[in-house]
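[1] below are the sequence and a predicted model; questions follow.
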Amino acid sequence: MLDAPTPDRARWKDLLMRFTPVAAALSLFVAVSASVVHADSGEPDPRAEVLLDQGKAALAADQPQQAVDAFEAALAIDPGYEGTYLALGEAARAQGLQGKAIRYYREVLTRKPDDYGAISGEGIAMVEKGAVEKARLNLSRLESLCGDDCSETQRLAAAIARGPQQPVLTAEAVMPEAKVSQNN
């Protein structure tokens with residue numbers, strides 16, 4: 001025959017059943033809060049920082065594909081660091097991929113809507129793509145956020161003054177019309 005639960009045992013069982021879900025929810029909240037605070041610290045993982053430096057050196061040496069490789073490796077290590085997305089945007093612009101650059105800048109802007117570097121980079125990529133009026137909206141936004149003396153504002157204003165990039169023509173794009181002649 002089964003023993004009847006003692007009053008102490010029933011009381012502990014009741015307490016355990018009441019507070020276990022609360023304790024589990026509280027521990028989950030603490031864990032998520034800690035990871036969010038860590039991800040939003042503004043500092044990259046040291047391993048990612050080394051890769052970012054390598055990528056910036058490659059970009060300065062006019063090797064954008066090597067820079068992209070380093071930046072993507074840094075992104076895999078620390079996907080929460082916005083600086084990696086800004087660097088990827090610069091590398092994409094260097095490759096002439098303004099649409100891709102805009103996507104990277106917008107990723108930063110979804111996380112930090114007032115990030116000066118992302119607003120400026122997106123505007124410069126828009127100018128290079130030919131969307132000067134949209135870039136002017138970014139310029140006015142930057143002027144209202146950080147003023148005319150801000151380096152990001154000055155970079156975007158200079159890009160707007162230069163205007164859109166002219167497409168580079170290749171030899172295949174400017175082929176003369178073929179003429180057929182007979183040899184006599």
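    On my side now, so go ahead.
[2] contacts and neighbour counts: CA atoms only from here.
    OK.
[3] next, residue 80: secondary structure please.
    coil (DSSP: H, G, I helix; E, B strand; the rest coil).
[4] shouldn't residue 92 be in contact with residue 100?
    Yes - with contacts counted by CA atoms under 8 Å, residue 92 reaches residue 100, the gap being 6.3 Å.
[5] which of those two has more residues huddled nearby?
    residue 92 (23 against 17; other CA atoms under 10 Å).
[6] now that one, nearest residue through space, not along the chain?
    Spatial nearest neighbour of residue 92, chain neighbours left out: residue 101 (5.1 Å); criterion: CA to CA, 6 or more residues apart in numbering.
[7] quick one: what helix or strand has the one you found in it?
    helix 98-111 (DSSP states H and E).
[8] thought residue 49 was touching residue 74?
    Yes - the criterion here is CA under 8 Å, and residue 49 meets it with residue 74 at 7.2 Å.
[9] which one's more surrounded, these two?
    With neighbours defined as other CA under 10 Å, residue 49 and residue 74 compare such that residue 74 has more, 26 against 19.
[10] which ones are touching the most centrally placed residue in the chain?
    For the chain, residue 85 is the residue whose C-alpha lies nearest the centre (CA atoms, centre = their mean; 2.7 Å). Contact analysis of residue 85 by CA atoms under 8 Å, 6 or more residues apart in numbering lists 75, 104, 105, 107, 108.
[11] narrow the residues you listed to those that are buried.
    75, 104, 105, 107, 108 (16 or more other CA atoms under 10 Å).
[12] what's the distance between the fourth one and residue 100?
    As judged by CA to CA, to the nearest Å, residue 107 and residue 100 stand 11 Å apart.
[13] farthest pair within the buried ones among the contacts of residue 85?
    Within those, 75 and 105 form the most distant pair, 14.2 Å apart (CA to CA).
[14] check the residue nearest to the centre of the chain and give its pLDDT.
    Residue 85 is assigned 95 on the pLDDT scale.
[15] I'd assumed residue 77 was in contact with residue 45.
    Yes - assessed by CA under 8 Å, residue 45 is found in contact with residue 77 at 7.4 Å.
[16] now the helix holding residue 101: mean pLDDT?
    What helix 98-111 shows for mean pLDDT is 94.
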